[in-house]
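Trainee: predicted model follows, preceded by the sequence.
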Amino acid sequence: MSRVNLHARLIAASVCLHNIFSSADAFSAGSGKKRSAHIEKRGRSSTPRPIIASTSLAHLSALHDGIDILPAPDGKGMGAFATALISKGDVLGEYTGEMLTRKQVEARYWGFRKENKHDRKWRNSRKRRDQGITGDYIFDMGNDLFIDGEDADVSSWCRFANHADPNVGAKCNVEVRASTDAISEGTDTDTSSQRANRHLFFYAIMDIDKSTELCYDYGEEYWGGDGISLLI
């Protein structure tokens, strides 16, 4: 898969997603201070994960970035593995997905709001394409905007990176960092520029050998808490 073809698929996926889900208020965002990216969870889901098609953007982006998606040890499902030696400090990829507002997340995942017709259309599309609706792939980017990497048709391979707990001796070899322009001030109507300026990248925090699984620390709150854990 060439860089041009992958880029074209990225654009096509974005256009498709926009046409399906966009509405006048679909991406409304509240104002707020700049802050670092966080990962937010409202409890781990026990719902079985769907099988991700090899033609999905998540798998195609892995091919593009030189990452293998393979069964991971210890019953973790699928995982991301290095296909060559990776040097400390290398950028491995960008965590991408669907951009959601807090109102959308509260309606679609947390049950804090009643779903509207756009939420129902979103849910039906996920079910029709056999995409998960667990809420286990959400990063809080600040200003009430979230990156949801669960839909493999519009998300990168980074969604496959598994957790490693440094408190029990597991080796975290990847770190997630927000880009310097991850949070723009913007206005309530300046949603397009806000979406464009929010990015999360995976960095190697040590030299990583070929065939090694890429893992990072999800944070304590991910595993059932109601809080937000800080990312660097």
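Mentor: Done, it's in.

Trainee: helix/strand/coil for Arg120?
Mentor: For Arg120, the assignment made with DSSP: H, G, I helix; E, B strand; the rest coil gives helix.

Trainee: what's the pLDDT at it?
Mentor: Arg120 is assigned 97 on the pLDDT scale.

Trainee: just Ile147 next, same as before
Mentor: On the pLDDT scale, Ile147 is placed at 93.

Trainee: could you tell me how many residues sit around it?
Mentor: Neighbours of Ile147 under the rule other C-beta atoms under 10 Å: 23. In this view, the C-beta of every residue, glycine as well, is placed from N, C-alpha and C.

Trainee: what about it, which helix or strand?
Mentor: strand 145-148 (DSSP states H and E).

Trainee: list the contacts of the very next helix or strand once past that strand.
Mentor: Using DSSP H and E, the helix or strand that follows strand 145-148 towards the C-terminus is strand 162-163. Residues external to strand 162-163 that are found in contact with it (C-beta atoms under 8 Å, 6 or more residues apart in numbering): Ala72, Lys76, Gly77, Gly79, Ala80, Glu213, Cys215, Tyr216, Asp217, Tyr218, Tyr222.

Trainee: flag the shaky bits of this protein, pLDDT-wise.
Mentor: For the chain, applying pLDDT under 70 flags the ranges 1-48, 169, 180-196, 221, 223-232.

Trainee: so where do the strands sit in it?
Mentor: Listed in chain order, the strands of the chain (DSSP state E) span 38-40, 67-71, 78-82, 91-94, 98-101, 138-142, 145-148, 162-163, 174-178, 200-204, 215-216, 228-230.

Trainee: redo those strands as a markdown table? Include distance to Leu57.
Mentor: Below are these laid out as a markdown table (distance: least, C-beta to C-beta, whole Å):
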| stretch | distance to Leu57 |
| --- | --- |
| strand 38-40 | 21 |
| strand 67-71 | 12 |
| strand 78-82 | 14 |
| strand 91-94 | 12 |
| strand 98-101 | 11 |
| strand 138-142 | 17 |
| strand 145-148 | 14 |
| strand 162-163 | 19 |
| strand 174-178 | 19 |
| strand 200-204 | 16 |
| strand 215-216 | 21 |
| strand 228-230 | 27 |
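
Trainee: what pairs with the strand holding Ile147, parallel or antiparallel?
Mentor: Strand pairing for strand 145-148, using DSSP bridges, gives strand 98-101 (antiparallel), strand 138-142 (antiparallel).

Trainee: on that earlier part again, buried members of the contacts of strand 162-163 into ChimeraX, please.
Mentor: Only the buried members of the contacts of strand 162-163 enter the following ChimeraX selection, criterion being 16 or more other C-beta atoms under 10 Å:
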select :72,79,80,213,215,216,217,218,222
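
Trainee: where do the helices of this structure begin and end?
Mentor: 3-21, 57-65, 102-105, 117-128, 191-196 (DSSP state H).

Trainee: can the contacts of strand 162-163 go into TSV with extra columns for distance to Asp148?
Mentor: Converted to TSV, the contacts of strand 162-163 look like this (distance: C-beta to C-beta, whole Å):
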residue	distance to Asp148
Ala72	22
Lys76	20
Gly77	18
Gly79	20
Ala80	18
Glu213	23
Cys215	21
Tyr216	18
Asp217	20
Tyr218	15
Tyr222	14
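
Trainee: so Ala107 sits against Asn116, correct?
Mentor: Yes: between Ala107 and Asn116 there is a contact under C-beta atoms under 8 Å: 7.1 Å.

Trainee: looking at the two, which has the bigger crowd around it?
Mentor: Taking other C-beta under 10 Å, Ala107 and Asn116 do not tie; Ala107 has more neighbours (21 against 15).

Trainee: how much space between that one and Gly93?
Mentor: Counting by C-beta to C-beta, to the nearest Å, the gap between Ala107 and Gly93 amounts to 30 Å.
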